[in-house]
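Enquirer: Sharing a model prediction with you, sequence too.
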Amino acid sequence: MGKEVKRNWIKEATLSHKLSFLCLQETKMAINSVGLVHSVWGKSNLEYVALDSIGNSSGILTVWDGDLFQLQNSNKMEGYVKVFGLWRGNNSKLGVINVYAPQGVTRKKALSENIAKELQSEPEAAWVVCGDFNEVHCTDERRGSALDSRGTKIFNDFIVTVGLTDLRLGGRRFTWMNADCSKLSKLDRFLINQNFLDGWPLSNALVLPRVLSDHCPILLDTKVVDFGLTPFKLYNSWLKLPDFVALVKERWNEELPGISNLSQIDVLSRKLRHLKTHIKRWSADLRNKMDAEVTELKSKICAIDLLAEVSPIDDSLVKERAELRIKLNEHLEMKETAPEKIKNEVWDFFDKKFAEHHPIRPVISSPLFKKITASQREWLETPFSEQEVKKAVWNCGYNKAPGPDGFTLEFDVVGKDFCEAVKHFETQQKINPRSNASFITLIPKINDPLSLADYRPINLIGCVNKVISKVLAERLKVVLDSVISNTQTAFVKGRSILDGPLMVNELISWAKKSRKKLLLFKVDFAKAFDTLNWNFLDNTLSQMGFGDKWRAWMQGVMCTAKISVLVNGSPTKEFTLGKGTRRPTCAFPVYTGRGGAHHSYERSSTRKIFKGVWLNNLLDEVSIFQFANDAIFVGDWSYQNANNLLRVLKCFEACSGLKINLSKSSLSGVLVPKEEVKNLARRLSCKEESIPFNYLGLPVGGNMNLSKNWQPLIGKFKAKLSDWKARTLSIGGRCCLCKSMMGALGTYLFSLYKAPKKVINLLEGLRRNFFWGGTDEKKKICWIKWDDVIRDKQCGGLGIGSLRALNLALLAKWRWREKTETEAIWNKVVRCCNESTRITGLASTGRGTWNTILGVEKDLEEMGINLSSFLKRKDGGSGWIWELDQNKTFTVRSLRRLIDGINLPAAYTETDWNRWVPNKTNILMWRTLHNRLPTRDNLLKRGISLPTLNCPICHASPECLDHVMISCSNTQVLHALLAN
């Protein structure tokens, strides 16, 4: 600020953006005159608070428009300036903290604690904490310099503890850059609380160009920009209102003129439009009524607050205010600068993206295609039944996002017309374009997206298309097993996402044991749902034996589609889809199309163009594993083999339109020098990835007996168990979270790997601390031993269940699958890799993941559980049964309860759970039963000194369980009231 040129630059930015607040950091000078502040503000109506610099460094200045913000108090300490007052626009409390964080972990921690105290002093206010925090969230926010993990942890813990939201910045990924641009960081940001979001829900932040500073200015904008009309949307909450249901029935059954000559699907479309018109009028009246009620509720709450500021208010007013807040929440729950230019840019981007630029492509023709039978083809083309349509509607779910027609699917009234519309599609093989429109909503793929490519387009389709697609998908599911390769482990009953990681793990172990160099190539197909060529799909279906009518249905669903993109809730103009399947419509066509890919790879393998892995005579050559859109190729290590694979992929891309994204694909090598892998990856223009690596979300090729390989899961647990969640949830809510979310958090990893005892103990410790209201760093009293808490309710616990039992039960399921899926490819690969036809006999000689899975049986035997005794042959030897479950099919739950029943035997009487009261009340009574309430005598037993043991209410007797529940005078009054 010391140079005039910089002050002029700041003033120009202030005036051009019409700022209400200006927060400057590192002023490097003492602010001792209004004239100096005016030189950067440029307007007369200014007020300010400044923290002078120390020598020629630091210094903070906050300036605001006095006509818009009325200051009530301020504070300035090392690293920040706080101003707090009234925002005149809506008479709401607003606090702004301008931060210039110091260096050093200790000083940063002190800064975080001081700011936290400021925020907690006015919890009802809207807060903005902004400035240069001199710290980043993660490695992605820093380039060219090392990450200080201690400072990052302090910063992240501070944000979580005080419940702030880091507002996404647009424009740039980094806000600071050194002179030679070799080091970049995101140091500047806006942190806002929920109250601010409630008051200014459309707030957005932008990084402005860097001019005279090494930092980029950042701008917080709360202005509402009108992007045009938003589409009609039906809310399921309306269906609970009697007058709305009556309106729907009345208007739907009205006779509309001129519909007698229309087709059934046009009749449905016309009736939906007619109903929509009347619902819009009804909702406008409802909105006006609700707005008036919200205003009245707010004024009543404000009146009580003003009374409370003058003198203490009685219990009746406290109760009234709480009831008003509840009603207000119920009501609220029901409830660029040139928008057209932005919308046109968005339309242009997606119009080009979904256009087919190469309609004529080479054709894959192969005798190796698996085909459906004649009876299957005939069954697929039978007329749609009313039961199928009804099942499709029910499967869609009534709470799913509505498409362009605005309707969800909770409509018994329209059932008959719906079935007629589906019948019309069956005969005409196309959908009216009006009923086949869809919206694209954009979801950010990364923090701080800079371009449209950084958003994931999600398709919202109308209910007619959704139901027709569901009917087709349900039929296709039945025959998929006949045409999809056994290396594709998705969408076919009996196949699992875990099969692929298990097979890759076993192949890596086998290669290391055999001293064989192995090539692993993970392929990323760019936007597979959006790029599939329709002609390729039709040709593939034809070669798989699908009939003309079925293929016409598939084309009818896709080819008449029109799409609009939602920009801030307002749709762009429509464009026509030229390729792709629209993801929500039906994923199965992509994978039948990808069947063509498998045959391409299979032919290249049989002709020795690409050499896969030959294990032994039990199994043909292995070259590819697939799950949905993920594929990993395995083969001999050589440049020629990798190059040939790339050529095959390019040929498939030319035929199908499914582009291979080499920048996201990766190459790994087993027993191959790192430099050699790096050189080959460079020649293929893909990434180099060392072993272990992640495949389908699981680490493969690593030693999972090491605790360090479980750190990602531990990190997820800690992220879910933040301090603010522990403080805001009741003990009943924390119990529910421990049992459901946290119990399931490790399920995926536990299903393939046995967790070390150290990891299990750490995770259980996190759950225990969270249950009692503490965190990993801040402990609370654990009133009851954790084993007693997690044991089954029949054994006197809360039924949370242990993670060790869950892990062992999930791994034991492989024994069931090994017995019942003898022809599955994973079964054959495991047998081949371990050179045996009996997998269960490999515990002593096998290596890798499967050996660990087999070791679970030994762990169970040490507990006294003989797994084989529960696995028995059916009468006649035609299958297997599981004795622990009444349905005779293996369930993880049955074995987990058995394990917990042995490790956590009954210690108390069965926990009696009353479904009519909240969980926290049940847990209170459970703690009462065990005398584990924080009464003063119990606190004294735990070494907590108290000035007196007498009851703080009646002061007559020592506070113990019997006194609190029975003999206290206040308790007796309560009992008398309940009795009356």
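Expert: Happy to help now that I have it. Computed from a predicted structure; not experimentally measured.
Enquirer: And the strands in the stretch 601-750 of the chain?
Expert: Under the criterion DSSP state E, counting those that start in this stretch, strands of the stretch 601-750 of the chain are mapped to 624-627, 630-636, 659-660, 666-670, 687-688, 693-695, 698-700.
Enquirer: The fifth one pairs with which strands?
Expert: Sheet pairing for strand 687-688, assigned by DSSP bridges, gives strand 666-670 (parallel).
Enquirer: Wait, a strand at Leu977?
Expert: No: the assignment for Leu977 (DSSP: H, G, I helix; E, B strand; the rest coil) gives helix, which keeps it out of a strand.
Enquirer: what about it, neighbour count?
Expert: Neighbours of Leu977 under the rule other CB atoms under 10 Å: 8. Where you see a C-beta, it was placed from the backbone N, CA and C, and this is true even at glycine.
Enquirer: And the strands of the stretch 601-750 of the chain: which comes nearest Thr165?
Expert: strand 693-695 (28.6 Å; CB to CB).
Enquirer: so Tyr80 makes contact with Val96?
Expert: No: with contact defined as CB atoms under 8 Å, Tyr80 does not reach Val96; the gap is 10.3 Å.
Enquirer: In contact with the nearest residue to Gly732 once chain neighbours are set aside, which residues are there?
Expert: Setting aside the residues directly before and after it, Gly732 is nearest to Asn919 in space (CB to CB, 6 or more residues apart in numbering), at 2.9 Å. Taking CB atoms under 8 Å, 6 or more residues apart in numbering, we find Asn919 in contact with 730-733, 735-736.
Enquirer: could you dump those residues to TSV with distance to Ala125?
Expert: Output for the contacts of Asn919, formatted as TSV (distance: CB to CB, whole Å):
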residue	distance to Ala125
Ser730	25
Ile731	29
Gly732	29
Gly733	26
Cys735	32
Cys736	31
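Enquirer: picking up where we left off before, please report the distance of the residue nearest to Gly732 from Asp787.
Expert: As defined by CB to CB, to the nearest Å, Asn919 lies at a distance of 20 Å from Asp787.
Enquirer: cool, and Gly877?
Expert: With CB to CB as the criterion, Gly877 and Asp787 are 42 Å apart.
Enquirer: Same check on Leu328?
Expert: 44 Å.
Enquirer: count of neighbours near Glu862?
Expert: 7.
Enquirer: what are the ranges of the helices in the stretch 401-550 of the chain?
Expert: Ranges of helices in the stretch 401-550 of the chain, per DSSP state H, counting those that start in this stretch, are 415-428, 463-483, 499-514, 528-531, 534-543, 548-559.
Enquirer: Can you get me the centre-to-centre distance for the longest one and its chain?
Expert: Right, helix 463-483. Offset of helix 463-483 from its chain centre (CA atoms, centre = their mean, to the nearest Å): 26 Å.
Enquirer: For the longest helix along the chain, name the packing helices and strands.
Expert: Secondary structure of the chain per DSSP state H: the longest helix is helix 264-310. Under the contact definition 3 or more CB pairs under 8 Å, 6 or more residues apart in numbering; DSSP states H and E, helix 264-310 sits against helix 242-252, helix 315-334, helix 415-428, helix 463-483.
Enquirer: repeat that with 6 Å
Expert: helix 242-252, helix 315-334, helix 415-428 (3 or more CB pairs under 6 Å, 6 or more residues apart in numbering; DSSP states H and E).
Enquirer: by contact count, what packs against the shortest one?
Expert: This points to helix 242-252. Judged by 3+ CB pairs under 6 Å, 6+ apart, helix 242-252 is in contact with helix 264-310.
Enquirer: now the longest one
Expert: Using 3+ CB pairs under 6 Å, 6+ apart as the contact criterion, the secondary-structure elements in contact with helix 315-334 are helix 264-310.
Enquirer: Report the distance from the helix it packs on to the chain centre.
Expert: On CA atoms, centre = their mean, the centre of helix 264-310 falls 30 Å from that of its chain.
Enquirer: Pick the most buried one from the helices and strands packed on helix 264-310.
Expert: By mean neighbour count, with neighbours taken as mean count of other CB atoms under 10 Å, helix 415-428 ranks first of the helices and strands packed on helix 264-310 at a mean of 18.
Enquirer: For Trp510, which residues are in contact?
Expert: Residues in contact with Trp510, defined by CB atoms under 6 Å, 6 or more residues apart in numbering, are Cys833.
Enquirer: cutoff 10 Å now
Expert: By CB atoms under 10 Å, 6 or more residues apart in numbering, the contact set of Trp510 is 516, 518, 613, 615, 670, 829-830, 832-835, 847-848.
Enquirer: So which of those sits lowest on pLDDT?
Expert: In terms of pLDDT, Arg847 ranks lowest among the contacts of Trp510, with 60.
Enquirer: Which residues does the closest residue to Pro571 other than its chain neighbours form beta bridges with?
Expert: Leaving aside its sequence neighbours, Pro571 sits nearest to Ser564 (CB to CB, 6+ apart; 3.7 Å). For Ser564, the beta-bridge partners under DSSP bridges are Phe439.
Enquirer: How about Ser666?
Expert: Beta-bridge partners, per DSSP bridges, of Ser666: Lys522, Lys687.
Enquirer: now it: how far from Ser685?
Expert: Distance, Ser666 to Ser685, using CB to CB: 12 Å.
Enquirer: of the two, who's got more company?
Expert: Neighbours were counted for Ser666 and for Ser685 using other CB under 10 Å; Ser666 has more, 22 against 10.
Enquirer: Contact partners for that one?
Expert: Contacts of Ser666 (CB under 10 Å, 6+ apart): 520-524, 632, 681, 684, 686-690, 693-695.
Enquirer: Out of those residues, which one has the lowest pLDDT?
Expert: Among the contacts of Ser666, Asp524 has the lowest pLDDT, at 85.
Enquirer: Could you find the closest non-adjacent residue to Asn643?
Expert: Leu684 (7.4 Å).
Enquirer: Pick out the least confidently modelled helix or strand of this structure, by mean pLDDT.
Expert: Least confident helix or strand, the chain: helix 588-606 with a mean of 54, by mean pLDDT, DSSP states H and E.
Enquirer: What sits closest to Asn8 if chain neighbours are left out?
Expert: Nearest non-adjacent residue to Asn8, counting by CB to CB, 6+ apart: Ser39, 8.0 Å away.
Enquirer: For the one you found, which three-state class applies?
Expert: From three-state DSSP, the assignment for Ser39 is helix.
Enquirer: Tell me how many other residues crowd it.
Expert: Look at Ser39: counted by other CB under 10 Å, it has 15 neighbours.
Enquirer: Listing request: residues of the stretch 301-450 of the chain with sub-threshold pLDDT.
Expert: 306, 308-311, 329-341, 397-415 (pLDDT under 70).
Enquirer: Quick check: Arg251 touching Val245?
Expert: No: counting by CB atoms under 10 Å, Arg251 does not reach Val245; the two are 11.2 Å apart.
Enquirer: Mind giving me the packing neighbours of the helix or strand Trp379 falls within?
Expert: Trp379 is part of helix 374-380, with elements assigned from DSSP states H and E. Applying 3 or more CB pairs under 10 Å, 6 or more residues apart in numbering; DSSP states H and E, one finds that helix 374-380 contacts helix 463-483, helix 548-559.
Enquirer: how does the protein divide into domains?
Expert: Following automatic domain parsing, one gets these domains for the chain: 4-221, 236-334, 374-695, 707-903, 933-979.
Enquirer: Take these and write them to a markdown table, including distance to Ile360.
Expert: Converted to a markdown table, the domains of the chain look like this (distance: least, CB to CB, whole Å):
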| stretch | distance to Ile360 |
| --- | --- |
| domain 4-221 | 40 |
| domain 236-334 | 32 |
| domain 374-695 | 8 |
| domain 707-903 | 36 |
| domain 933-979 | 77 |
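Enquirer: tell me, which of those is the model least confident about?
Expert: Least confidently modelled of the domains of the chain is domain 236-334, at a mean of 76 by mean pLDDT.
Enquirer: For that domain, what is the distance to the chain centroid?
Expert: In terms of CA atoms, centre = their mean, the centre of domain 236-334 is found 30 Å from the chain centre.
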